[in-house]
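S.K.: model this:
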Amino acid sequence: MVSQEQRRRQLAREKFLRQQQRRTSARRRARMRNSVIASVLGVIVIGSVALYTTGVLKNNDDKANASSETTPSASASPSKAPDPCAKPAAGSVKKLSWKKEPAMSIDTSAGYTMKLATTCGDIGIALKTSAAPHTVNSFDFLAGKGFFDHTKCHRLTTNGIYVLQCGDPTGTGSGGPGYTIPDENLKDKSLKGGVYPAGTVAMANTGQKHTGGSQFFLVYQDSQLPPSYTPFGTIDAAGMKVLKKIAAAGESTGQGDGAPNATVVINKATVTKS
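M.R.: Just a heads-up that it's a prediction; the model follows:
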């Protein structure tokens, strides 16, 4: 007989997959819409110079890999705990996009760490360079370009799966760097029994293979998920305290999946070779 806890987890996973499918469909519609708009603009501006920049649609929340999503609204406004975080640093998100994955520039035999200096405290991450070289190389590239600076962590899940999702410059769950990277390290020894353990940092995706971009999620409590999300880092003890503080403040819908109530902004992301 399936226990209530097992059934609850099953429903949470199924909900997550449905959300991924909706996001994938939304991205496809957006791409078609942008193509039509670009064509119309081309006709209108004959004889003149027109620039039309489309935002990159990618890497949505893959459930816990979770990127943000359209969440059901609560029937009553949930009460919010005090915001435990500071005001964001001055500055704005850079609008950057590239057509292809950056060339490999890291030393795959060396160790790398990433520091997320957030409004809620610093989160240190030991990166799994040799196991996920494409992913670490991409983060090294994006951090060096300031891609993550001033971006919001847009999604917090507190039921079924327990993650904070970040890395979307649009803050909507549909943004990315314009390119995708391959899945890696899906047989990591830390993934046992279909569980991403607390302290794991993994890539979000669209639910399809090799669709990771810039969105990633930080696991603050063991979360049962299929091994489809590249695990590429481990959070340090101080970072886990920061995540617990963010989680304790709850999310906006009161139903376990929404924007964090805490003002979680990455003021600065840096990747350093050990």
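
S.K.: distance of Lys244 from Thr206?
M.R.: Between Lys244 and Thr206 the computed distance is 29 Å (Cβ to Cβ, to the nearest Å). (Glycine included, C-beta is placed from N, CA and C.)

S.K.: higher neighbour count, the two?
M.R.: Looking at Lys244 and Thr206 with other Cβ atoms under 10 Å, you find the greater number of neighbours at Thr206, namely 27 against 12.

S.K.: And what about the more buried one, helix, strand or coil?
M.R.: Taking DSSP: H, G, I helix; E, B strand; the rest coil as the rule, one finds Thr206 in the coil state.

S.K.: burial measure for the residue nearest to Thr263 when sequence neighbours are not counted, as a count.
M.R.: Using Cβ to Cβ, 6 or more residues apart in numbering and skipping residues adjacent in sequence, the residue nearest Thr263 is Cys85, 4.6 Å away. Counted with other Cβ under 10 Å, the neighbours of Cys85 add up to 20.

S.K.: Please report how far Gly213 lies from Leu243.
M.R.: Spatial separation of Gly213 from Leu243 under the definition Cβ to Cβ is 22 Å.

S.K.: Enumerate every residue touching the residue nearest to Thr263.
M.R.: Cys85 is in contact with 118-120, 246, 262-265, counting by Cβ atoms under 8 Å, 6 or more residues apart in numbering.

S.K.: Could you do Thr272 as well?
M.R.: 112-115.

S.K.: distance of it from Thr129?
M.R.: The span separating Thr272 from Thr129 equals 12 Å under the rule Cβ to Cβ.

S.K.: Quickly list what's touching both of the two.
M.R.: Both Thr272 and Thr129 are contacted by Tyr112, under the criterion Cβ under 8 Å, 6+ apart.

S.K.: Touching, Asp188 and Pro231? I think so.
M.R.: Yes: Asp188 is within contact range of Pro231, at 4.8 Å (criterion: Cβ atoms under 8 Å).

S.K.: Neighbour count for those two, which is higher?
M.R.: When Asp188 is set against Pro231 and neighbours are counted by other Cβ under 10 Å, the residue ahead is Pro231, at 26 against 18.

S.K.: Tell me both backbone torsions, phi and psi, for that one.
M.R.: The phi and psi torsions at Pro231 (degrees, to the nearest 10) take the values phi -80, psi 120.

S.K.: Now for it: which residues touch it?
M.R.: 128, 132, 185-186, 188, 190-191, 196, 200-202.
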